[in-house]
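J.: what follows is a protein structure lacking sequence information:
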C-alpha cells in the first residue's frame, strides 16, 4: 500500500478519495429553503491531511473566504460529524475558530446524536472536549476526552482520533499542573501519530512534551525535543507550534539565567504568533514571559549599580576596592527595561481580558507587582498582589494563589526590613503567614519552580532576627534544594544560595564544637561525628571559595564526588565547575 493510501486508510472506506484542495472542492446541494454546504469525501480527506501534516494555511482557508459557507453546513450529511471533528483541531491557530466550531456543533442537536454511528459520535465528543478546554472548563473537557480514550483502538475506526484525544487531554492536564500524567498522554498520542506516518502532528505533540519537561526542570531533555520538533515543523506553516518552540527555548534560557537570550527567543515567538493572529492566546503568555526576562535584566543591572554605590561609600571611608564603575547610563537602562516590561504586561493583560482568561490576568498582576517592588512602590505592589489573589481564588488557580501570596510575603518582608512602622514585627509575622499560605497552595500543584520559591521565601523569613529559627530555615533550604537542579541559574537559584549562606551562618557550630571538646558526644560514633564535622566545614569552605567545588577539592585534598555529596546532604546544590 502506498504512503498516500496508508494515510487515507484511517478514514472509513467510503471516504477514501484522491487529495484535493479544500477551498476548491466545495459541494452544494439543493434545499427547499436554501442551498446547504456538504463536506464531500474529497473535502474531508483534504482537511484530514492538512490537519495531520500541519498545512495550516490551506486548512485555514475555511475561516477566510469560505467562513460564511460553513454556516450553511448540512447537519444531516454523513460526513458532517467527522468534518467538525477535524476542523476543531485548528483551534490553536486562533481564538476566532472556537465560535465557528461551537456554532457547527449547535446544528447537531444532542437528541439526534444517539442515532449516529459510533465513529461519528467519537469525532463530536473530541470536538466538544477541545471547545471545553479552550473555554477553560477543564473537567468537562477531560470528561469528553476520557470517553474517546476509554474506547481504545479496537473500537475506533480513525486511530488518529485516539492520538488527538491523548494530545488534548495532555493539554488539559498541563493546564491543571498535572505534569506527570500529562506526559503519559502526550507520549501515547505522539507514539500513535508516528505509527500512522504523520511526523508533523507528532512533532506538535513533542513540543508539548518538551514544555512539560521544562516544568519538571528537565532542561536538557526539553531542548533536545524542541530541536527535533523544529526540524520537522520548519517544513510546515504551523506558526503556532513554531511560536511554542521559540517560547520553549526562551523558558529554558530563563531557567538558566540567560535573560538576554530569553528576550531574543520570546521576541521570535511573539513574531510567529503575531503573523498568525494578533490576538493569539499564546501571544499573551509569551509577552508576560518577555516582561519577566526584561525585569530580570533590570534587577541584575540594578544590583551592579547598588554594588558600585556601596563600594564608593567604602572607598570614601578609606576601604580599598577594585571595582569598575558601571556605565553612567545604567540607571536609565534599568528604567527603560521596566517601562518596556510594563508595556508588554499591559498588552498581555488586554489580550487575556479579551479572551476571558482570568488566570492569565492574575499572572500578569503578579509580574507587575514584582516590578513595583523592584522600583520601591510597595503600595502599588500590594494592590496588584491583592487583586491577583482574588482572581486566583475565583478561578481556583493554585498557581496564581501561590504566586500572589508569595508576592505579599515579599512586600511584608520589605516593610519589616525598612522598619518604618512603629511596630515592624507585625510585618515579619505577616510575611511568614503569607509565605506559609503560598507553600500550601504550591503543594497542590506540580509546579516545582513555585514550590521551590515558597520554601526559599519561608526559609529567608525564618532566618531573620524576629524568628531566628535556623533549624526550620535549614529544613526549608533542604526542601528547596531537592527541587532545584544544577542547570538553574535564575533569580530563584540566587535567592536559594542566599538562604543557604544564611543557614550556615546561623547554625549552632560553636555550641557543637564546644560539646565535642568536652567529650559530650551524645552516643555518636566517631564516624558520625566525622560526617557532622564535614557537614560543618566543607559547606563553609565552599562558600568562601566562591561556591567552586574544584577549589574545595584542591584546598582540602578531597574528592569532588564527596564534596558534592556533602553539599547535597546539607541542602546545597553545587554548580558544574
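T.: Done, it's in. As the structure is a computational prediction, the values presented were derived from the model and not from experiment.
J.: touching, residue 221 and residue 212? I think so.
T.: No - with contact defined as Cβ atoms under 8 Å, residue 221 does not count as touching residue 212 (10.0 Å). (C-beta placed from N, C-alpha, C; glycine too.)
J.: what about these two, which has more around it?
T.: The neighbour count for residue 221 versus residue 212, taken as other Cβ atoms under 10 Å, is higher for residue 212 (25 against 14).
J.: so which elements touch the helix or strand in which that one is found?
T.: Counting by DSSP states H and E, the element that carries residue 212 is helix 199-215. Helices and strands touching helix 199-215, by 3 or more Cβ pairs under 8 Å, 6 or more residues apart in numbering; DSSP states H and E, are helix 41-52, helix 159-176, helix 179-195, helix 219-233, helix 239-255.
J.: nearest to residue 396, out of these?
T.: Set against residue 396 and scored by Cβ to Cβ, the helices and strands packed on helix 199-215 come closest in helix 159-176, at 10.3 Å.
J.: tell me how far the most centrally placed residue in the chain lies from residue 255.
T.: Residue closest to the mean C-alpha point of the chain, counted by Cα atoms, centre = their mean, is residue 215 at 5.8 Å. From residue 215 across to residue 255, the span is 10 Å (Cβ to Cβ, to the nearest Å).
J.: joint contacts of these two?
T.: Shared contacts of residue 215 and residue 255, defined by Cβ atoms under 8 Å, 6 or more residues apart in numbering, comprise residue 449.
J.: so where do the helices sit in the stretch 351-500 of the chain?
T.: All helices of the stretch 351-500 of the chain, identified by DSSP state H, counting those that start in this stretch, fall at 358-374, 378-395, 398-418, 425-442, 448-462, 470-483, 491-505.
J.: now the fourth one: buried residues?
T.: Of the residues in helix 425-442, 427, 428, 430, 431, 432, 434, 435, 437, 438, 439, 441, 442 count as buried by neighbour count, 16 or more other Cβ atoms under 10 Å.
J.: among those residues, which one lies nearest to residue 269?
T.: When those are compared for distance to residue 269 (Cβ to Cβ), residue 442 wins out at 26.5 Å.
J.: list the contacts of that closest one.
T.: Neighbouring residues of residue 442 by Cβ under 8 Å, 6+ apart: 398, 399, 402, 450, 451, 453, 454.
J.: so which of those is the most crowded?
T.: Busiest of these [other Cβ under 10 Å] is residue 454, holding 29 neighbours.
J.: sorry, back to before: angle of the helix holding residue 212 against helix 179-195?
T.: When axes from the mean of the first three to the mean of the last three Cα atoms, to 10 degrees is applied, the directions of helix 199-215 and helix 179-195 differ by 160 degrees.
J.: could you check the angle helix 41-52 makes with helix 199-215?
T.: Counting by the same axes, to 10 degrees, helix 199-215 lies at 30 degrees to helix 41-52.
J.: buried sites along helix 199-215?
T.: Using 16+ other Cβ under 10 Å as the test for burial, helix 199-215 gives 199-215.
J.: what mean pLDDT does whichever helix in the chain runs longest get?
T.: Of all segments of type helix in the chain, defined using DSSP state H, the longest is helix 281-316. For helix 281-316, mean pLDDT rounds to 88.
J.: so that it lines up with my notes, have the first residue be 55 from now on.
T.: All right, first residue 55 from here; so that's helix 335-370.
J.: quick check: angle from that helix to helix 412-428?
T.: Angle, helix 335-370 to helix 412-428, by the same axes, to 10 degrees: 10 degrees.
J.: pLDDT weak spots in the stretch 155-304 of the chain?
T.: Of all residues in the stretch 155-304 of the chain, none has pLDDT under 70.
J.: any low-confidence regions in the stretch 405-554 of the chain?
T.: If you take pLDDT under 70 as the line, the stretch 405-554 of the chain has these spans: 539-543.
J.: again, only using 90
T.: Filtered on pLDDT under 90, the stretch 405-554 of the chain yields the residue ranges 408-411, 449-450, 471-479, 498-503, 517-529, 531-554.
J.: thinking again about what came up before, in JSON lines: the helices and strands packed on helix 253-269, plus distance to residue 172.
T.: JSON lines is the format used below for those (distance: least, Cβ to Cβ, whole Å):
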{"stretch": "helix 95-106", "distance to residue 172": "18"}
{"stretch": "helix 213-230", "distance to residue 172": "11"}
{"stretch": "helix 233-249", "distance to residue 172": "19"}
{"stretch": "helix 273-287", "distance to residue 172": "32"}
{"stretch": "helix 293-309", "distance to residue 172": "31"}
